[in-house]
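Participant: with the sequence up front, the predicted model follows.
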Amino acid sequence: MEPFEYQLRDGDDTFSWEADGWVGGDDERLWLKTEGDLAEDEGEAEAQLLYSRLIAPFWDLQLGVRYDQPWGSDADSSRAFAVVGLEGLAPYYFDIEPALFLSDDADVSARLEATFDLLLAQRLVLQPRLELDAAVQEVPEHGVGQGLNDFELGARLRYELRREFAPYVGVSWTRKTGETAGIARRDGEEVSDFAVIFGVRMWF
């Protein structure tokens, strides 16, 4: 699924995207994933190339690389990572994606994404979403502190005109925590952000 969305924020509004595709069979696949956001004068894009292998019913082990490219004031702070992750369906139909990252400077970080589709009507689906980011080491030049860095709570309500095409509206609240929040305050940045979302989800 490829969501493309416009986020109305207190500061600069943001256009965001997520897209992925794969080649292979049921047991082994090669994935290309990308996501990012673009504001008026800055943004960031992330791309991952992953080898995926089925290791249990509904669970894939994924190994590969990730590359982050910001633009704007931080355009020279790109980074590369090795990736080890899982993707699967947990009990009660939660879609879970935990991943560990090792940067080219040997910094270790982690991410957890979880979503759940709640069917309200034949074509109306509510999707709560949680994302957590954490780091083992402090990396202040990238605005990252040790421990839990930030979390995002959100929900998107979509109407499936077809299974392959579904416009949606939603809300999202992001909060930086711990040392990462302290770095943001020191740099004059906000530590929390609320957005109203308008988007479309497509499946090719």
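Facilitator: In hand now; what should we look at? Residues are numbered from 1 along each chain as shown.

Participant: C-alpha only now, for contacts and for neighbours.
Facilitator: OK.

Participant: quick one, helices of this structure?
Facilitator: For the chain, helices defined by DSSP state H occupy the ranges 178-186.

Participant: wait, doesn't P128 sit right on A155?
Facilitator: Yes - judged on C-alpha atoms under 8 Å, P128 makes contact with A155 at a distance of 4.2 Å.

Participant: and the residue in the chain sticking out farthest from the centre, how close does it get to R158?
Facilitator: Largest separation from the mean C-alpha position in the chain: Q122, at 27.5 Å (C-alpha atoms, centre = their mean). Distance, Q122 to R158, using C-alpha to C-alpha, to the nearest Å: 11 Å.

Participant: now do A166
Facilitator: Taking C-alpha to C-alpha, one finds A166 at 6 Å from R158.

Participant: between the two, what contacts are shared?
Facilitator: Common contact partners of A166 and R158 (C-alpha atoms under 8 Å, 6 or more residues apart in numbering): none.

Participant: rewinding a little: gap between the residue farthest from the centre of the chain and L161?
Facilitator: 10 Å.

Participant: same thing with L124?
Facilitator: Taking C-alpha to C-alpha as the measure, L124 falls 9 Å from L161.

Participant: give me the more crowded residue out of these two.
Facilitator: Counted by other C-alpha atoms under 10 Å, L124 and L161 do not tie: L124 has more neighbours, with 15 against 11.

Participant: my read: the more buried one touches L157, true?
Facilitator: Yes - using C-alpha under 8 Å, L124 is in contact with L157, at 7.2 Å.
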